[in-house]
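build me a model:
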Amino acid sequence: MKVRFAALLATVLVLATARMAHAAPMVSSLDTVRAEATTIVVGTMVPNTLDIDVDTVVRGSASLGRRRLSTPPDAFASASGRIVAFVDGKGALRWIGSLVAGPSIEKGVLLLSGFFDFNAHLVMPGVMTFAELTGYLATGKLTQRLAVTLVVPDGHGGVTRTATRFVIPYEALLPPGKPRMSTPVRVGACIDHAAVMSLEWGAPSVFLSGTCGNHARSLSLAGRITGVDATGAIEIDGAAESPYLEAADLATFLADATIRDAKRFLDVSLDDGTVWRWEASKGLVDPAGAKHAAGSMSLGSSMSNGVTVDTQTYAFDGGVVVEFHPTRVAGGSSGGSARTLISLIDAKAVGPCTFKQAGKPDRTCTLGRGRTVFVR
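Alright, predicted model coming up:
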């Protein structure tokens, strides 16, 4: 009996692990949230409970003060801090609105989400201001504007804002089956359209594009939601990611319509005096000019004398490996892009670096900022 039970338990654990590994995110439409959340309140969750201290009633006949909520079906619910709670007719906490930017729920930007035991539970559309949320609940309409400001590295591992700012009218609610299209904007020479992706994850990507004669131009921005401006537009800081561009290079790229693309190389200087050039995510160029295409990239951590040591390992064709131990996370990312790597370099947070090459002894390396090469 013990053997059979152990086998059954192992089977259950394998099936559960497989489900967790392969389950896609759950998605609720904003229309579903509006239809099924009969009570919507703002309040502060009592730690380690599903009790909420209600301070504002948005919808329904709830009273102020403490209220006990129940767990939604098929998911474990948990929340902390001050939230917008979406409660169904049975008293279950189905969705929440969390503050992702700004001073408060009423004056900031909210990210709506639900509960799912095996992955994320997205609400689409799920990023909005409190004013947009209450307006949508009343009318069923949601008109948004995204105010994007381009940011560039500040030379110390952070970013600084530029004077380049543009507003994207954002069509949040789309009819079923209608694809999201790009929106006309004016950002630079022959860059006159913008598309926004992944907003519902709280980390938007902005894709800028256009055509000059017979060639296309594009610029992808890694966005960070920062707040709400005086007109009610959601503010986003956008850092040039593909191609990666800093202040002077960004200004040149935007103004010069003949530039099709830009390549950003890092310097990998070895202790024997040689320098390899590294185009992040693409590959290495050795001192003789031979190219070594990028292969695998891995992240790991271990304990050494009670201290956590992070490791980033990048493999390239020809048995070449660059491995280093960053002392902090760069730009809110685990690494891999030119933007995050240069952020580590600027912050002097690369840590010990080792260059490995098949058939040769390991060498100490140093990562440098390198240079940009424009493609015309």
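
for residue 344, phi and psi?
phi -70, psi -40 (degrees, to the nearest 10).

which of the residues in the strand or helix carrying residue 147 are buried?
Secondary structure from DSSP states H and E places residue 147 in strand 143-153. For strand 143-153, a neighbour-count test (16 or more other CB atoms under 10 Å) marks 144, 146, 147, 148, 149, 150, 151, 152, 153 as buried. Yep, even glycine has a C-beta here, placed from its N, CA and C like the rest.

run the chain-centre distance for stretch 198-206.
From the chain centre to the centre of stretch 198-206 is a distance of 6 Å (CA atoms, centre = their mean, to the nearest Å).

quick one: end-to-end distance for it.
End-to-end distance of stretch 198-206 (CA to CA, to the nearest Å): 9 Å.

avg pLDDT for it?
The average pLDDT within stretch 198-206 is 93.

give me the residues contacting it.
Here stretch 198-206 makes contact (CB atoms under 8 Å, 6 or more residues apart in numbering) with 100, 111, 120, 122-127, 146, 148, 168, 170, 194-197, 220-225, 236, 238.

just the buried residues of those.
Buried among these by 16+ other CB under 10 Å: 100, 111, 122-127, 146, 148, 168, 170, 194, 196, 220-225, 236, 238.

residue 308: neighbour count?
Counted with other CB atoms under 10 Å, the neighbours of residue 308 add up to 8.

can you give me the neighbour number for residue 265?
Neighbour count of residue 265, defined by other CB under 10 Å: 20.

for it, give the beta-bridge partners.
Judged by DSSP bridges, the bridge partners of residue 265 are residue 279, residue 371.

related to what we said a few turns ago, flag whichever of the buried residues of strand 143-153 scores worst on pLDDT.
residue 153 (90).

quick one: neighbours of the closest residue to that residue other than its chain neighbours, just the number.
Excluding its sequence neighbours, the residue lying closest to residue 153 (CB to CB, 6 or more residues apart in numbering) is residue 246, at 5.5 Å. By other CB under 10 Å, the residues close to residue 246 number 19.

give the contact list for residue 246.
Residue 246 sits next to 152, 153, 372 when contact means CB under 8 Å, 6+ apart.

what of residue 363?
By CB under 8 Å, 6+ apart, the neighbours of residue 363 are 270, 271, 272, 354, 355, 357.

please name the bridge partners of the closest residue to the first one other than its chain neighbours.
With sequence-adjacent residues excluded and distances taken as CB to CB, 6+ apart, residue 270 is closest to residue 363, at 4.8 Å. Applying DSSP bridges to residue 363 yields these beta-bridge partners: residue 355.

check residue 363 and give its pLDDT.
For residue 363, the predicted pLDDT is 96.

how about residue 156?
For residue 156, pLDDT reads 87.

backbone phi and psi for it, please?
Note on residue 156: its backbone torsions stand at phi -130, psi 10 [degrees, to the nearest 10].

contact partners for the closest residue in space to it that isn't next to it in sequence?
Excluding the flanking residues, the one nearest residue 156 by CB to CB, 6+ apart is residue 346, at 5.6 Å. By CB under 8 Å, 6+ apart, the contact set of residue 346 is 153, 154, 155, 156, 157, 369.

against residue 338, how distant is residue 346?
12 Å (CB to CB, to the nearest Å).

show me where this protein has its helices.
In the chain, helices defined by DSSP state H lie at 2-22, 30-36, 130-139, 247-255, 338-346, listed in chain order.

taking strand 143-153 as reference, get the angle to the fourth one.
When you say that, I think you mean helix 247-255. Calculated by axes from the mean of the first three to the mean of the last three CA atoms, to 10 degrees, helix 247-255 forms an angle of 130 degrees with strand 143-153.

for helix 247-255, buried residues please.
249, 250, 251, 253, 254.

just the pLDDT for the third one.
The pLDDT attached to residue 251 in the predicted structure is 95.

and stretch 77-93, how far from the chain's centre?
Mean-position distance between stretch 77-93 and its chain equals 25 Å (CA atoms, centre = their mean).

same question for stretch 229-246.
13 Å.

now do stretch 254-264
Remark: stretch 254-264 is offset 25 Å from the chain centroid, using CA atoms, centre = their mean.

ok, stretch 80-95 next?
25 Å.

for it, buried residues please.
Buried, per 16+ other CB under 10 Å, within stretch 80-95: 82, 83, 84, 85, 86, 87, 88, 92, 93, 94, 95.

all strands of the stretch 201-350 of the chain, in order?
205-212, 215-228, 234-242, 261-270, 275-279, 283-285, 291-304, 307-316, 320-324 (DSSP state E, counting those that start in this stretch).

helices or strands up against the fourth one?
For strand 261-270, the contact count by 3 or more CB pairs under 8 Å, 6 or more residues apart in numbering; DSSP states H and E identifies strand 275-279, helix 338-346, strand 363-375 as packing neighbours.

could you do the fifth one as well?
Contacts of strand 275-279 with other secondary structure elements, assessed using 3+ CB pairs under 8 Å, 6+ apart, are made with strand 261-270, strand 283-285, strand 363-375.

can I get the buried residues of strand 143-153 in a markdown table including distance to residue 48?
Conversion of the buried residues of strand 143-153 to a markdown table gives the following (distance: CB to CB, whole Å):
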| residue | distance to residue 48 |
| --- | --- |
| 144 | 35 |
| 146 | 37 |
| 147 | 38 |
| 148 | 39 |
| 149 | 39 |
| 150 | 43 |
| 151 | 38 |
| 152 | 43 |
| 153 | 41 |
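
having no further points to raise, I will conclude here.
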